[in-house]
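Enquirer: need a structure here:
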Amino acid sequence: MKVHVGVDLHQRFCYLTAVDASGKLLRQGQVANQAAALQQWLGSLERPRQVVVEASGFWPAFYRAVRGHAERVVMVHPQRVKAIASAKLKNDRVDSSTLAHLSRCELLPEAWMADEATRQLRLRVRLRINLGRQRARAKNQLQAVLHQEGFIKPVTDLFGRRGRAWLASIELSGAARMVVETWLREVDRLDAEITAQTRELERLAADDLRARWLETVPGIGAYSAMVILAEIGDMGRFARKQALASYAGLVPAVRESAGRKKRGGITHQGSNTLRWIMLQVAQVACRCSPAVRVWYTELRRRKPAQVARIAVARKLLCVAWALLRHGLCFDEQVFARS
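Expert: Below is the predicted model:
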């Protein structure tokens, strides 16, 4: 008889509830998030064991600790679990017990568990993304000081050669000069880190046939191709292009009741990173690809600019799905006819 173990996972500890197939409570309690403690707790239960845990930032370490002591480890969507089992009383015991009983009733809304190679690639690309965002914040902080001092930049690129010459020539207060110089040094440091990480991603892309397929799509370079591959992971889990678009949160929300269907804005659910990179790709593609620009212009006649750009991002993601599924390169003429 299979044993079902629900896990309410926290950073330092987890609360586990074990039940059998009939729902009988076998064991329950709090355990430190240490491999030896978790393995000892699970080892006291009969086999086979199915362990269920909600998706969180700590699941990879937990999975590595328990995978050899359970026949199956299942990760579930937190939001979907709440939709299935809404409880007025919420605590560690109730949450872990809910997961255990959903497991024995086969009502688990399973989430995909990324393999080790995908997790390693995600660490790389998300580091590059975060470095870029930190650089943007540093630049904004510097420009905020200039606004406070009453200066308006006379150049487009404040951090290029002309912009830096202008920064050196203006008269700032002592504190403002210190802040400007500090942020300039931070931007230079981040520039160096970003260059190094970008080169590493370009090296990985050069050795990945899938990335070379993606790079044929307008707006997708080596960096964005690796971001897309990292966020998609196993392409086999998306049997239809609509499923991938939904995973990126680029599909409209649909509410249907009493035979009436209402469409809203995009769902914004799924991978925020995949949605973000596809919107960046769409913005570039509308400028550099004649076929994409024509398609975007047609949409703009009846849609707001942001809605049209989202539609382009969704269409290009569907194109990426087809290229990765069938091993093809982008064709402007095929896109124009679609």
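
Enquirer: And the helices in the stretch 1-150 of the chain?
Expert: 35-43, 59-66, 78-84, 92-104, 116-148 (DSSP state H, counting those that start in this stretch).

Enquirer: where exactly do the strands run in the chain?
Expert: Secondary structure of the chain (DSSP state E): strands at 3-9, 13-19, 25-32, 49-54, 72-76, 110-111, 252-257, 260-266.

Enquirer: Would you convert those into TSV that also reports mean pLDDT and distance to residue 283?
Expert: Glycine gets a C-beta too; all of them are placed from N, C-alpha and C. Below are the strands of the chain laid out as TSV (pLDDT from 0 to 100; distance: least, Cβ to Cβ, whole Å):
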stretch	mean pLDDT	distance to residue 283
strand 3-9	96	38
strand 13-19	96	43
strand 25-32	96	47
strand 49-54	96	35
strand 72-76	95	34
strand 110-111	90	30
strand 252-257	74	20
strand 260-266	76	16
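
Enquirer: of those strands, which approaches residue 236 most closely?
Expert: strand 110-111 (14.9 Å; Cβ to Cβ).

Enquirer: what's in contact with the closest one?
Expert: 55, 74-77 (Cβ atoms under 8 Å, 6 or more residues apart in numbering).

Enquirer: run the last query once more with 10 Å
Expert: For strand 110-111, contacts defined as Cβ atoms under 10 Å, 6 or more residues apart in numbering pick out 52-55, 59, 74-78, 80-81.

Enquirer: and the two most separated of these?
Expert: Pairwise distances across the contacts of strand 110-111 peak at 15.7 Å for 59 and 80 (criterion: Cβ to Cβ).

Enquirer: Of those two, give the one with the bigger neighbour count.
Expert: residue 59 (18 against 15; other Cβ atoms under 10 Å).

Enquirer: How about exporting stretch 164-176 as PDB, limited to the C-alpha atoms?
Expert: C-alpha atoms of stretch 164-176 as PDB (Å, rounded to 0.1, in the frame of the first residue of the first chain):
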ATOM      1  CA  ARG A 164      31.000  61.300 -19.400                       C
ATOM      2  CA  ALA A 165      33.000  64.300 -20.700                       C
ATOM      3  CA  TRP A 166      29.900  66.400 -19.900                       C
ATOM      4  CA  LEU A 167      29.500  64.900 -16.500                       C
ATOM      5  CA  ALA A 168      33.100  65.800 -15.700                       C
ATOM      6  CA  SER A 169      32.700  69.400 -16.900                       C
ATOM      7  CA  ILE A 170      29.600  70.400 -14.900                       C
ATOM      8  CA  GLU A 171      29.700  72.000 -11.500                       C
ATOM      9  CA  LEU A 172      28.100  69.800  -8.800                       C
ATOM     10  CA  SER A 173      28.000  70.200  -5.100                       C
ATOM     11  CA  GLY A 174      30.500  68.100  -3.100                       C
ATOM     12  CA  ALA A 175      28.000  65.400  -2.100                       C
ATOM     13  CA  ALA A 176      26.400  65.300  -5.600                       C
END
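
Enquirer: Could I get the buried residue list for it?
Expert: Residues of stretch 164-176 classed as buried by neighbour count (16 or more other Cβ atoms under 10 Å): 167, 172, 176.

Enquirer: And for stretch 30-39?
Expert: 31, 33, 38.

Enquirer: I'd like to know which of these is nearest to residue 158.
Expert: Among the buried residues of stretch 30-39, and counting by Cβ to Cβ, the member closest to residue 158 is residue 33, at 46.2 Å.

Enquirer: which residues touch that closest one?
Expert: 9-14, 58, 61-62, 65.

Enquirer: Narrow those residues to those that are buried.
Expert: Among the contacts of residue 33, those buried by neighbour count (16+ other Cβ under 10 Å) are 9, 14, 62, 65.

Enquirer: What's the mean pLDDT across stretch 151-170?
Expert: Taken as a whole, stretch 151-170 has a mean pLDDT of 95.

Enquirer: Can you give me the first-to-last residue distance of that stretch?
Expert: In stretch 151-170, first residue to last residue: 9 Å (Cα to Cα, to the nearest Å).

Enquirer: List of residues touching it?
Expert: Under the criterion Cβ under 10 Å, 6+ apart, residues 135, 138-139, 142-143, 145-147, 149, 171-172, 176-177, 180-181, 183-184, 187-188, 191 lie in contact with stretch 151-170.

Enquirer: re earlier: which of the helices of the stretch 1-150 of the chain is buried the deepest?
Expert: helix 92-104 (a mean of 21; mean count of other Cβ atoms under 10 Å).

Enquirer: For that one, name the packing helices and strands.
Expert: Contacts defined by 3 or more Cβ pairs under 10 Å, 6 or more residues apart in numbering; DSSP states H and E place helix 92-104 against strand 3-9, strand 13-19, strand 25-32, strand 49-54, strand 72-76, helix 78-84.

Enquirer: To residue 323, which of the strands of the chain lies closest?
Expert: Taking those one by one with Cβ to Cβ, strand 260-266 is closest: 22.6 Å.

Enquirer: The nearest residue to residue 226 once chain neighbours are set aside and residue 321, how far apart?
Expert: Among residues not flanking residue 226 along the chain, residue 201 sits closest, at 4.7 Å (Cβ to Cβ, 6 or more residues apart in numbering). Distance, residue 201 to residue 321, using Cβ to Cβ, to the nearest Å: 21 Å.
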